[in-house]
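Asks: Quick one, fold the following:
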Amino acid sequence: MQLVFSDAQFWEDFLPLTFTRPVAEMRCGILTFSERWQKLLDSSEVSYLTEDYLQEKFKKYELKESLFIVPNFLPSENFLNQIKDLQLGEALVYKDELLAVRINMENFSLNQISKMTDIEEEVLFFNHPTDLFTYNEKAIDFDFELLTNGRASAELSSTNGFLGDAKDLFIEEGAEIEFSTLNTKTGKIYIGKNAEVMEGCNLRGPIALCNDSKFNLGSKIYGATTVGPHCKVGGEVNNIVIFGYTNKGHDGFIGNSVIGEWCNIGADTNSSNLKNNYAIVKLWNYKAEKFVSTGLQFAGLIMGDHSKAAINTQFNTGTVVGVAANIFKNGFPPNLIDSFSWGGMKGDEKFKLEKAYEVAELAMARRKVPFTEDDQNILKTIYENY
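Replies: Below is the predicted model:
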C-alpha cells in the first residue's frame, strides 16, 4: 500500500524547519514522522503531497489506491488499528482535521469519501516547532517501544556508571560507550547503531542518540533530547531536537530548541532559553508574519537547515534562524535572523547564492552525501521567494 504523507495546512506552521522538507521528514523522538509511520504500517512505499518546489526531491504519489495520512501525530493502539482497518472511501477525522483516508489518488477528491469517523480520544498532535521539544519525551517513549520490543540490547561496558532500570536502556549493535554515566531514572536512553558516547559524558534520560552520532568528551546531556544521525554534540544541552547531520561539538549551552540538518554551532555558543523576567516567550511565526506567544516559559533556538553560528555567538531567548544564514557579528543577534543572512544582524546583506551552494556542497561531502540539483533548486527557491 502506497503511503501518501500530506503537509495539509501545516507546512507553514513549521517554518523555517519545513523550508527544506515536508512535514513528514521532521524528526522527534528517535524517528522522523515518515520513518515512524512506515514501521507502524509495515510499508516502505512512501510518497509526499508537499510544496511544488520540494516535490522534485520528495517523491510525488502514484495514481493508485493509497493510504493518505497527515503524519504529525502519535496514534494510540486503538487509533492505529482503525487506520489499518480503513476501507476504500473511509476516513478518520480528529477535531475537524482529516488525518487518514484510504483513497484512489487517480481522482483525489473529498467526494470520494463515503464514510467519515470522528476520533473522540485525545491525540498527541504536533502543531508548531516548539511541540517537537515539548513532546519529545513522549515521542522517545513511543519510538523506544516501537524499535526495541522483543529485542535484546547490547551490553553496557562495565567501565560506565549506571542508574535506573536496565529495561529503559537500549544500545544498538556497534555503539561504543566507555567511562560515562547513564541515568534512566528520569527517562529512557536509546543509543543508535555505531553511535559513540565518549569518555566523561553524563547522560540523564530521556535521550536518543541516533546512528553514527557522537557525544563528545565530557558532554552534559539532559532530557528530553534527540540527536539525529551523523551529528557531533558536546558541551551542555537540555531538551533539544537535532534532525541530523549537524555539529554542536564544543562547550556552550543550548536548551529547549530545534535545529535542522547541516548546521554548525561554533565553540562557546550559547542560546538563552529563559527570559530574565521569566515571561512567556514569543517566537517569529512565518504564517502570521509576526511574533506570536508560544505559551512557554522555556524556549530557545529554532534553526533552519544549513545555518552556521560562529564561535561565542550569544542567541537571545526565542530566536528563529532561517535557512543558510551565516551568523558571525559581535553582539546579540536579533530574535529573527533571515534566511541567507550574511552576518546575522538586521539589514545585513544576503549570503551570495553561489557561495551558499559551495558551503552546502562542502559540508555534505564530509558525510559523503551529494549536494544534488534538487537541493540546489530548493535553496534557490527559498533565496528568491522567502
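Asks: any idea how far the residue sitting furthest away from the middle of the chain lies from residue 91?
Replies: Residue farthest from the centre of the chain, counting by CA atoms, centre = their mean, is residue 114 at 35.1 Å. According to CB to CB, to the nearest Å, residue 114 and residue 91 sit 9 Å apart. From N, CA and C alone the C-beta is placed, and that goes for glycine too.
Asks: One more: residue 85?
Replies: Going from residue 85 to residue 91 by CB to CB gives 12 Å.
Asks: Tell me which of those two has more neighbours.
Replies: Under the criterion of other CB atoms under 10 Å, the comparison of residue 85 against residue 91 puts residue 91 first, with 19 against 10.
Asks: The residue lying closest to that one once chain neighbours are set aside pairs with what?
Replies: In this structure, residue 91 finds its nearest non-sequential neighbour in residue 101, 3.7 Å apart by CB to CB, 6 or more residues apart in numbering. Under DSSP bridges, the beta-bridge partners of residue 101 are residue 68, residue 91.
Asks: quick one, what contacts residue 219?
Replies: 198, 200, 201, 202, 233, 234, 235, 236, 237 (CB atoms under 8 Å, 6 or more residues apart in numbering).
Asks: Look at residue 266 and say how many residues are nearby.
Replies: 18.
Asks: what does the model give the residue lying closest to it once chain neighbours are set aside for pLDDT?
Replies: Closest residue to residue 266 apart from its sequence neighbours, by CB to CB, 6+ apart: residue 311 at 3.9 Å. For residue 311, the model assigns a pLDDT of 97.
Asks: who touches residue 325 in this structure?
Replies: 304, 307, 308, 337, 338, 339, 340, 341, 344, 351.
Asks: Need the buried ones from the contacts of residue 219 selected in PyMOL.
Replies: Buried residues among these (16 or more other CB atoms under 10 Å), as a PyMOL selection:
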select buried, resi 198+201+202+233+234+235+236+237
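Asks: Could you single out the nearest of the contacts of residue 219 to residue 9?
Replies: Closest approach to residue 9 among the contacts of residue 219 (CB to CB): residue 237, at 31.8 Å.
Asks: so who does the closest one touch?
Replies: Residue 237 sits next to 219, 220, 221, 222, 225, 248, 253, 254, 255 when contact means CB under 8 Å, 6+ apart.
Asks: any chance of the residues you listed in CSV, plus distance to residue 179?
Replies: Formatted as CSV, the contacts of residue 237 follow (distance: CB to CB, whole Å):
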residue, distance to residue 179
219, 13
220, 15
221, 15
222, 20
225, 20
248, 22
253, 23
254, 24
255, 25
